[in-house]
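Chemist: Just need the structure, nothing else, for what follows:
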Amino acid sequence: MADEELVKKMVRAVLLSSRSGVSLSNLQVEYKDLTGELIPYKQLGYATLDALLHSMPSVVKLDKGQSGEVVCHATTGNEVTRITKLAARQHTAKRTGRPQVVNCQMRVKPAAPFVLNGEPRTSLRQPDHRGRLGRGGGHRGGHGDPHKASPSNLNENTTPAKPKLPHSAPYSPKLVQSRIKEVLNKHSNGLWVSKLPPLYREHYKQDLPNEALKDLEHWTHICSVEKPCSNKPQEMLLYPAKETSQITPQSATQRSSATSKSSTLASPRDLPPDVKQKLGELLLKYSSGLWAHALPKLYQDTYKCKLAEFVLDHLTLLSDICTIDYPMPDNSKRAILYAKVLEDENRNQSGLAGSETKETVERCLSSQTVPSLVIPREEYPSVLVVEASDTNSVILRYIGEGYSKAQEKLEDEMREFYGQDINKVALTSPLSGQLTAVHAEEEEEILRAQVCEVMADKVKVYYVDHGFSEVISKSKLFELHEKFYRLPFQATKCKLAGLESFSQEQAVLKRFESMATGKILLAEILERNEVPLMVLYDTSQDDDININATCMKALQDKSLESPLKVNSAFMNVNVTSVCSDGTIYCQVPSRGLTKLNGILEKTENYLHSQVTSELLVSLPFCGKNCLARYKGKWSRVEITNLHGSRVLDILFVDVGIRASVEVTELREIPPPLLRDLISTPPQALKCCLADLPVSIGSWTPDAVHWLRDTVLHCSDCSLKATKVDESKRLAHVYLFTSKNFHDTSCSLNQQLADLNLWNHQKDVFLSSRGPSKSLNAPTNPATIHNTDVQDKAPHTARRMLSLLGSQSAPPCSPPVQLALPPLLELPEIGQNMDVFVSVACHPGHFVLQPWQDMYKLVDLMGEMILHYNKMEEKPLKVEKNQVCAAKLENNWYRVLVKGVLTNGLVSVFQLDYGKHELVSCTQLRPLTQEFCQLPFQAITAQLAGLKPRQWSEEASIVFRNHVEKKPLVAHLDSVQEASQSWDRKVVIYLVDTSQEERDIWLHDIMAEFTDEMSNAA
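Modeler: Numbers count the residues shown, from 1 in each chain. Modelled structure (predicted):
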């Protein structure tokens, strides 16, 4: 059924966006604008929308407007009201006024196409195939005729036999084999097979694929299998493979030659220990894996010496320090290397025991213990920020099911419990560290607290669920009943990424207090440590605000900003970028630019002199400040977007140029120069030419090309400012290629206005509202002029369409002979397959992707971004049924052209995600053969076990809520084969195995829903 809590959250978000309320007639419209769906009141069991709204008094309040129509207003929930009041009390002594109103309007921050972590995936939990009767397998029975929805090839009176484990589950055998080998090497005396899965999970934080257990007997080069008792698989003993079975003539030669000291590394027999150690250090910096092709340059940049050329051709030489995966089997240089983490088990066990003891001591209050708070599983949980006296120790609370809702329930129970005089047992002799129940001073609330300091007649307590302290009368303390020890303390801490070196700076803390304290924000969890590392976002406005990055900007020295004011004029101006919408970025002579150049020169010398891997960027995140090469020299950049774990978008903040690069091309800012570089404001000024006949965003390609050719190679430009728009940080200027800036008739503005460059190509319009084009940042000064000028507007929701080539440029034709990838291999009929549902329209049409190979798709898309973002733009002759590459929302996809429209738009089908999109013809490129190795990942599907029908909107929403964007297990029922992947269709059963206690069969859910709808009608 529909998720009522999600509906409540979305309704609250709609209502909070309008202070004057939303009329009942417009509520459905605004809800659909936000979610893409209508409010599913019928699925929630209500006859009318009005009835549903009356059942949610904590979310919506219904009033009558002046015209008599019903108006919906947001009501502040009890939980938020309580949080706000408690937080206000904490801040009363510190500042005047109440804290800002708590923001509850949360919008989920979109992630990369699917996963940010491009690592091979292990199997999902398979459905329990111990027979259960009834279609539901774990749901309530008795819903309708059990015969009517049964598939024709199965017994009519039972559910289809629960699928066996996958026959050919798509996982990475090489990666699993290397990991099992590591585990067995630590248990040379033998290991029971039943002990292998938990050990595997403990070491690698992933589940061991079920199919791997069946393949163990065949992996004689990895292990030897002994069956001492019976033929039961779980009673087999595993031993490391005998040494002789792993020795090859090549490896033997390698070991014998390793003792010889050779001055050059000219053959695969020579790889000294110090080289392996350095390579191991590099791999450890990139826990999400490192492309093999990046090793030589990274090694030379880091250690100032060349890596032997044969290493890439003999990656097996590195097998003792890393595991190797080949997402593109035909290209070994595109292999991904994952560092092996060798740990001392005894040390880990002793360390674990020590931490457990410490935790037990800390949490042993009175005679009871309180469980530890578990970090939410989701990547972007909602948090309420309480306060921060140090950005390395921000106090916050998690919001949602199991956290703030559980806390609200607990405090309701405490209020009811202590409302009875018989339960009020006064705590007459409080001790420091003791847990107690406190009667709040201003509210009729009973809160959990810990005694911090005992005074004569007062006591200082810390509210363990709300994160602040208060001095109260001893008469307010009661003994805490044991049943209130079960919920973990809700107040916890986090560390803000990027601000570690400035954690106690007053400017940073003041900015953070004004932007975050007392607000509910979205948290991106980067590291799940005891104190997790986070990036906080305010998503309540049209554009997301990165709190960490904004706080970092508070350190900038305003006196070093570029001094561009109205009527000010500058010579020796350097135009660094011309965008396709007509805006330009330039540098003007200033104190800040002089200081920046001096710091960057010191940075260049520092990095050149360092032989260490410490400055490699191992944990990229949006808003991070670091360094990348621009025209061969290190320059400041800010990370603006991540595509997987190895490719990202950056902004060169001092020249206004965007680029897509590999993470290995970034460096941390050297600690001695960090404060100077952070305090210097960006030196790129965003400008537009004044008094032109067209507005920003309406420039033609010819006009843009003319301006680029005129100013980008001119070393002596001048400009005069006529207007400065502070809100947009945009200056309107006259631009000159000489020092004669007094006569505007000589300006480039006037020359452009007089030229016939403003007539648009037919059916093409360059808009500032389309997706932007990021460019790879070349390190060769000779190529930067051909590519860096095509940067686009800032990375926001309002992006530009990419620039068309010159009208006279001949269109490039698609490759004549493009060998399409082979069809995706499917399991045999009746077998299982782990899948991810990327698109769900209704049970008769949805799209799957192979779950365990998702990392290969992420890697492929990263490669496509790097390739196409540095490619020269040329018009592509587009034809129906053509396979090509298309840019959509800052990513490149493999697509099939479904139709070409007369207005310059093209209808395309995403061959890996199954979505239909409209894209400008300027965003299409020929698909190269390099990107045709991986089979197209989208699998069109239909749900088995149900009669074909016309699915209602309500049923489609129910189905979508259960399956879309979720990993599930598919049981293959039949396949409708076709020569092309986009015409092939599978009929499957879908099973949600995310709950340990039961399996959820989706055809049962839908049959149950249709039965209920039929009965209701």
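
Chemist: where exactly do the helices run in the stretch 701-850 of the chain?
Modeler: 701-711, 748-754, 781-787 (DSSP state H, counting those that start in this stretch).

Chemist: Quick one: mean pLDDT for the last one?
Modeler: Averaged across helix 781-787, the pLDDT comes to 34.

Chemist: And stretch 610-624, by the same measure?
Modeler: Confidence for stretch 610-624, expressed as mean pLDDT, is 89.

Chemist: follow-up on the earlier one: switch the helices of the stretch 701-850 of the chain over to JSON lines; also include distance to Leu237.
Modeler: All C-beta atoms are positioned from the backbone trio N, CA, C, and that covers glycine. Putting these into JSON lines (distance: least, Cβ to Cβ, whole Å) gives the following:
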{"stretch": "helix 701-711", "distance to Leu237": "70"}
{"stretch": "helix 748-754", "distance to Leu237": "81"}
{"stretch": "helix 781-787", "distance to Leu237": "60"}
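
Chemist: winner for burial among those?
Modeler: A comparison of the helices of the stretch 701-850 of the chain by mean neighbour count, using mean count of other Cβ atoms under 10 Å, puts helix 701-711 on top with a mean of 19.

Chemist: Nearest to His845, out of the helices of the stretch 701-850 of the chain?
Modeler: With Cβ to Cβ as the criterion, His845 lies closest to helix 701-711 of the helices of the stretch 701-850 of the chain, at 39.5 Å.

Chemist: so what does the closest one touch, helix or strand wise?
Modeler: Applying 3 or more Cβ pairs under 8 Å, 6 or more residues apart in numbering; DSSP states H and E, one finds that helix 701-711 makes contact with strand 569-578, helix 748-754.

Chemist: got any ranges where the stretch 801-950 of the chain has weak pLDDT?
Modeler: Residues of the stretch 801-950 of the chain meeting the criterion pLDDT under 70: 801-817, 872-873, 875.

Chemist: Strands of that one, start to end?
Modeler: 832-842, 845-850, 883-888, 891-900, 905-910, 916-920, 924-926, 939-943 (DSSP state E, counting those that start in this stretch).

Chemist: do you know which of those strands lies nearest Pro240?
Modeler: Per Cβ to Cβ, nearest to Pro240 of those: strand 832-842, 29.2 Å.

Chemist: Now the closest one: buried residues?
Modeler: Residues of strand 832-842 classed as buried: 832-840, 842 (neighbour count, 16 or more other Cβ atoms under 10 Å).

Chemist: One more: stretch 712-728?
Modeler: For stretch 712-728, a neighbour-count test (16+ other Cβ under 10 Å) marks 712, 714, 717-722, 724 as buried.

Chemist: Stretch 615-625 now?
Modeler: 615-617, 619-625.

Chemist: Greatest separation within those residues: which pair is it?
Modeler: Leu615 and Cys622 (20.3 Å).

Chemist: Any idea which of the strands of the stretch 801-950 of the chain gets closest to Glu69?
Modeler: strand 832-842 (34.2 Å).

Chemist: Tell me what angle the closest one forms with strand 845-850.
Modeler: Calculated by axes from the mean of the first three to the mean of the last three Cα atoms, to 10 degrees, strand 832-842 forms an angle of 150 degrees with strand 845-850.

Chemist: Using TSV, lay out the buried residues of strand 832-842 together with distance to Tyr462.
Modeler: TSV is the format used below for the buried residues of strand 832-842 (distance: Cβ to Cβ, whole Å):
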residue	distance to Tyr462
Asn832	51
Met833	52
Asp834	46
Val835	48
Phe836	44
Val837	46
Ser838	47
Val839	49
Ala840	47
His842	53
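
Chemist: Going by distance to Val386, which of those residues wins?
Modeler: For the buried residues of strand 832-842, the nearest to Val386 is Phe836 (36.5 Å; Cβ to Cβ).

Chemist: in a helix, that's where Gln300 is, yeah?
Modeler: Yes. Counting by DSSP: H, G, I helix; E, B strand; the rest coil, Gln300 is part of a helix.

Chemist: Run a quick neighbour tally on it.
Modeler: Using other Cβ atoms under 10 Å, Gln300 has 12 other residues around it.

Chemist: Then the one 10 residues further on?
Modeler: Phe310 has 15 neighbours, counted by other Cβ under 10 Å.

Chemist: Now the phi/psi pair for it, please.
Modeler: As for Phe310, its main-chain torsions (degrees, to the nearest 10) stand at phi -70, psi -10.

Chemist: so how far is Tyr537 from it?
Modeler: 46 Å (Cβ to Cβ, to the nearest Å).

Chemist: From Phe489, how far off is Ala462?
Modeler: Check again: residue 462 is Tyr, not Ala. 10 Å.

Chemist: All set, thanks.
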